[in-house]
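Asker: Here's a sequence, model it:
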Amino acid sequence: MPRLLVSVRSPAEALEALAGGAAIIDIKEPTQGPLGRADAAVWRSISAVLPATVSVSVALGELPEWRNLPDPDRHDFEGITFRKLGLAGVGPDWRSEWADLRERWSVGPTWIAVVYSDWLSAAAPSPADVLEEALTVEGCTGILVDTWDKSHPTRVEESWRPWFIRARRGGLKIALAGGLDESRIERLAPLAPDWFAVRGAACRAGEREGTIDSTRVARLVQRVQGLCRS
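Answerer: Here you go, the predicted structure:
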């Protein structure tokens, strides 16, 4: 049954999302892009206020950013369940570059591969290529379908069904994001992702750079649960 993932940027927002019934708390900084990376200190402060039973994911930005950044300390990932890294702007050697990064970082949270539904605009690998790579990566347990250009909603539609089936049969969990609101969640429900991932729809005034509102989260949770029952 699909559940709700809510992206937050502070401990206060994390507690709002949890109070509203979010199943997964995702840490990111929305002003820094679709997978905006928050400081490791923010990761730690959010993890510290959440019960140990709550699953937490962290956005790591895009792979090319880590060419000029120091690797995180292994302790930075304490309390984190999943980590996801975008592939916008990568070159033809993205597979080996991602593999090198995973080897350097060694043990830690499991990986969530990232597909952009507008991959051409993002200069990212195609959904098919990312999926095939994810299916071979040890320690990759899921895949996120997001949008790179947040001024437009997801481009996922019914034609993606074979892709979803391939991912599911390969044992990957699927998170679906990209400007989702209640109407888009209802339209995409037949694809049966494991998680619907939201930011803007869970914020006051529906703006992704706003503040998470537990009432809006609760309404989205009820909507997802209602779709599942129907």
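Asker: middle-most residue in this protein, spatially?
Answerer: residue 144 (5.5 Å; CA atoms, centre = their mean).
Asker: Just list whatever residues bridge to residue 203.
Answerer: residue 212 (DSSP bridges).
Asker: what does residue 116 give?
Answerer: Note on residue 116: beta-bridge partners by DSSP bridges are residue 146.
Asker: Name the residues of the helix of greatest length in the chain that are buried.
Answerer: Longest helix in the chain by number of residues (criterion: DSSP state H): helix 214-229. Residues of helix 214-229 classed as buried: 214, 216-221, 223-224, 227 (neighbour count, 16 or more other CB atoms under 10 Å). Quick note: C-beta positions are derived from backbone N, CA and C, even for glycine.
Asker: Over to stretch 168-184?
Answerer: 168, 172-180, 184.
Asker: follow-up on the earlier one: how about the residue nearest to the centre of the chain, secondary structure?
Answerer: The local conformation at residue 144, judged by DSSP: H, G, I helix; E, B strand; the rest coil, is strand.
Asker: And the strands in this protein, which stretches?
Answerer: In the chain, the segments counted as strands under DSSP state E are 3-8, 24-27, 55-62, 82-86, 110-116, 140-146, 173-176, 195-198.
Asker: Note down every partner strand of the fourth one and its orientation.
Answerer: Strands that pair with strand 82-86, judged by DSSP bridges, come out as strand 55-62 (parallel), strand 110-116 (parallel).
Asker: Can you add mean pLDDT and give those strands back as a markdown table?
Answerer: Converted to a markdown table, the strands paired with strand 82-86 look like this (pLDDT from 0 to 100):
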| stretch | mean pLDDT |
| --- | --- |
| strand 55-62 | 98 |
| strand 110-116 | 98 |
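Asker: Tell me which of those strands lies nearest to residue 196.
Answerer: Residue 196 sits nearest to strand 55-62 of all the strands paired with strand 82-86, at 13.8 Å, using CB to CB.
Asker: The closest one to strand 140-146, inter-axis angle?
Answerer: Here strand 55-62 runs at an angle of 60 degrees relative to strand 140-146 (axes from the mean of the first three to the mean of the last three CA atoms, to 10 degrees).
Asker: From the chain's centroid, how far away is strand 55-62?
Answerer: Averaged C-alpha coordinates place strand 55-62 at 7 Å from its chain's average position (CA atoms, centre = their mean, to the nearest Å).
Asker: Likewise for stretch 13-23?
Answerer: Stretch 13-23 has its C-alpha centroid displaced from the chain centroid by 16 Å (CA atoms, centre = their mean).
Asker: who's in contact with that stretch?
Answerer: For stretch 13-23, contacts defined as CB atoms under 8 Å, 6 or more residues apart in numbering pick out 3-6, 8, 25, 27, 46, 49-50, 54-55, 195, 202, 211-218, 220-221.
Asker: again, but for stretch 52-66
Answerer: 5, 7, 18, 23-29, 32-33, 35-38, 43, 46-47, 50, 77, 79-90, 94, 97-98, 101, 109, 112.
Asker: Give me the buried entries from the residues you listed.
Answerer: Buried, going by 16+ other CB under 10 Å: 5, 7, 18, 23-29, 33, 35-38, 43, 46-47, 50, 77, 79-88, 90, 94, 97-98, 109, 112, out of the contacts of stretch 52-66.
Asker: just to revisit the earlier point, so the residue nearest to the centre of the chain sits against residue 113, correct?
Answerer: Yes: counting by CB atoms under 8 Å, residue 144 touches residue 113, with 7.1 Å between them.
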